[in-house]
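Novice: sequence first, predicted model second:
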Amino acid sequence: MEGKPVFSAAYQALMATDPQEKIALVQAIVIPAVLPMAEALPIQTVNPPGRPARPELVLPAKVPKRSNLRLTENRAAMLHAFAHIEFNAINLALDAIYRFREMPLQYYHDWLQVAREEGYHFNLLCAHLADLGYQYGDFAAHNSLWEMAVKTDADVMARMALVPRILEARGLDAVPPLQAKLGAVGDQRACEILDIILRDEIGHVRIGNRWFHWCCDQRGLEPIATFVRLVREYDAPQFRGAMNHLARVEAGFSDEELALLATLREGE
């Protein structure tokens, strides 16, 4: 696919339904030295992006809670949920490339890196699921991550504010307690995979932070007030649970932003 216009290449990968084909197409994308601003590919809402027929998508409340990770099925279901997030994150990164066409060149390099790393994470999780006797698609999943992408598809600043900084940043908070539970039941391979995911996701959230602040600078907007406005305007999900303060600082959140996030999490 070398030489294929970058936005067309991103769209082809975005709409591929087979996960391994999607990952291969991501690997083949080349960001040119000069972006093809005149590329005649219309920008359209993508709902849904390419995905396999399974897993079945249900409302978040319909996804069963599985607390006893000593049971292999429950542990597999938990890892399957992470695999589904990583699969969606491939599509999110591809859509960020395909949709927003007037950003600096580094923006496209950043999101292509994200797409490739999310594909790597997906394959790590699927390999471990296979070791447990399961595969991607064996458990129901929800689609809330992509729903926010659709809501923000008209504005790159809103996308950067609400998808990496809210929804994807939840992974930074979720990984350490899950690792503790998996370690307690002896699943060291899962813990190793989550170490890799946490390391890379810090970088992905940092990319979202970088480009959100860049958009604010370009528009002469104060970032924190703008973020609060966007959270309310787009009815973004409330924060919940404990915050991984160290990881969020490493991902580019300021102390002032973290204090704000804690307030939003408490619903004040």
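Specialist: Thanks, I have the structure now. As the structure is a prediction and not an experimental result, all values here were calculated from the model. Residues are numbered from 1 along each chain as shown.
Novice: state the mean pLDDT of the top helix by length along the chain.
Specialist: In the chain, assigned by DSSP state H, the helix with the most residues is helix 188-219. Summarised as a single mean, pLDDT over helix 188-219 is 97.
Novice: gap between that helix and the chain center?
Specialist: 9 Å (Cα atoms, centre = their mean, to the nearest Å).
Novice: show me what it is packed up against.
Specialist: helix 72-99, helix 105-131, helix 156-162, helix 170-184, helix 223-233, helix 245-250 (3 or more Cβ pairs under 8 Å, 6 or more residues apart in numbering; DSSP states H and E). For glycine as for every other residue, the C-beta is placed from the backbone atoms N, C-alpha and C.
Novice: can you list contacts of stretch 172-180?
Specialist: For stretch 172-180, contacts defined as Cβ atoms under 8 Å, 6 or more residues apart in numbering pick out 78, 190-191, 194-195, 197-198, 201-202, 205, 241-244, 247-248, 251.
Novice: pull out the buried residues from those.
Specialist: 78, 190-191, 194, 197-198, 201-202, 205, 243-244, 247-248, 251 (16 or more other Cβ atoms under 10 Å).
Novice: just to revisit the earlier point, pull out the buried residues from the longest helix of the chain.
Specialist: For helix 188-219, the neighbour count (16+ other Cβ under 10 Å) marks 190-191, 193-194, 197-198, 200-202, 204-216 as buried.
Novice: could I get the helices and strands packed on helix 188-219 as CSV with distance to residue 12 and mean pLDDT?
Specialist: Shown next, in CSV, are the helices and strands packed on helix 188-219 (distance: least, Cβ to Cβ, whole Å; pLDDT from 0 to 100):
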stretch, distance to residue 12, mean pLDDT
helix 72-99, 9, 96
helix 105-131, 13, 98
helix 156-162, 21, 97
helix 170-184, 27, 93
helix 223-233, 30, 94
helix 245-250, 33, 95
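Novice: let me know which of these is the nearest to residue 31.
Specialist: Of all the helices and strands packed on helix 188-219, helix 105-131 sits nearest to residue 31, with 4.9 Å by Cβ to Cβ.
Novice: in that closest one, what's buried?
Specialist: Neighbour-count burial for helix 105-131 [16+ other Cβ under 10 Å]: 107-108, 110-126, 128-129.
Novice: ok, now stretch 73-92?
Specialist: 74-92.
Novice: for the residue most central in space within the chain, which non-adjacent residue is spatially closest?
Specialist: Centroid-nearest residue in the chain: residue 89, 3.5 Å away (criterion: Cα atoms, centre = their mean). Spatial nearest neighbour of residue 89, chain neighbours left out: residue 118 (4.2 Å); criterion: Cβ to Cβ, 6 or more residues apart in numbering.
Novice: kindly report the same for residue 169.
Specialist: residue 205 is the one closest to residue 169 (Cβ to Cβ, 6+ apart), at 4.9 Å.
Novice: from residue 217, how far out is the one you found?
Specialist: 19 Å (Cβ to Cβ, to the nearest Å).
Novice: cool, and residue 91?
Specialist: 28 Å.
Novice: fine by me, thanks again.
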